[in-house]
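1. got a predicted structure plus its sequence, pasted below:
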Amino acid sequence: MGGEGWLFLFAVLAAAGLLFTMVFFIIMFSDLECDYINPIDLCNKLNNFVLPEVAFHGFLTTLFLLSGQWIAFLINAPLLAFNVNKVMNKTHLYDATEIFRTLSAHKKECFIKLGFYLVCFFYYLYRMILALISEE
């Protein structure tokens, strides 16, 4: 298996991990709405995953840039720019005192990211299969 096959295999696994992370976020937000979890516990749990998610997505996007996979890079660049903007403005962490006021916006962001990662998962899977077939 060549470099492109390994890259997209890694991308498929990364997209699956990011998908599960977004599902976890949505479940936690639903638990908060139903009062199964308090805001402090929710923010403590979710804040542990925010920076690793951003870093992992940034690393994957950088791999696409360095390997010359321009379409995959351009697909990921807007979300990377959005995440970097949130980190630079220090709005990437969840605040327990404001979580109820901003819950709908956080859920909307998570559903959009879930859809994005789902589309990317199938695109990466397609490109991985294409790379494996073209090697033969």
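-> Great, that's in hand. Model, not experiment: these values are computed from the prediction. Residues are numbered from 1 along each chain as shown.
2. what sits against the spatially most central residue of the chain?
-> Closest to where the C-alpha atoms of the chain average out (C-alpha atoms, centre = their mean) is residue 18, at 4.4 Å. Residue 18 makes contacts with 53, 56-57, 113, 117, as judged by C-beta atoms under 8 Å, 6 or more residues apart in numbering. Bear in mind the C-beta positions are built from the backbone N, C-alpha and C, glycine included.
3. what mean pLDDT does stretch 88-100 have?
-> Across stretch 88-100, pLDDT averages out at 91.
4. that one: which residues count as buried?
-> 92, 94, 99 (16 or more other C-beta atoms under 10 Å).
5. quick one: terminal-to-terminal distance for it?
-> Chord length of stretch 88-100, first to last residue, is 23 Å (C-alpha to C-alpha, to the nearest Å).
6. show residues contacting stretch 116-130.
-> Residues outside stretch 116-130 that contact it (C-beta under 8 Å, 6+ apart) are 4-5, 8-9, 11-12, 15-16, 18-19, 22, 69, 72, 75-76, 79.
7. who wins for most neighbours among those?
-> When neighbours are counted by other C-beta atoms under 10 Å, residue 8 leads the contacts of stretch 116-130 with 26 neighbours.
8. and residue 109, how many neighbours?
-> When neighbours are counted by other C-beta under 10 Å, residue 109 registers 15.
9. need the pLDDT of it.
-> Taking residue 109 on its own, its pLDDT is 94.
10. the helix or strand containing it: which residues count as buried?
-> Taking DSSP states H and E as the definition, one finds residue 109 inside helix 103-135. For helix 103-135, burial by neighbour count (16+ other C-beta under 10 Å) applies to 103, 106-107, 110, 113-114, 116-117, 120-121, 123-125, 127-128, 131.
11. which single one of these is nearest to residue 84?
-> Lowest distance from residue 84 to the buried residues of helix 103-135 (C-beta to C-beta) belongs to residue 113, with 14.5 Å.
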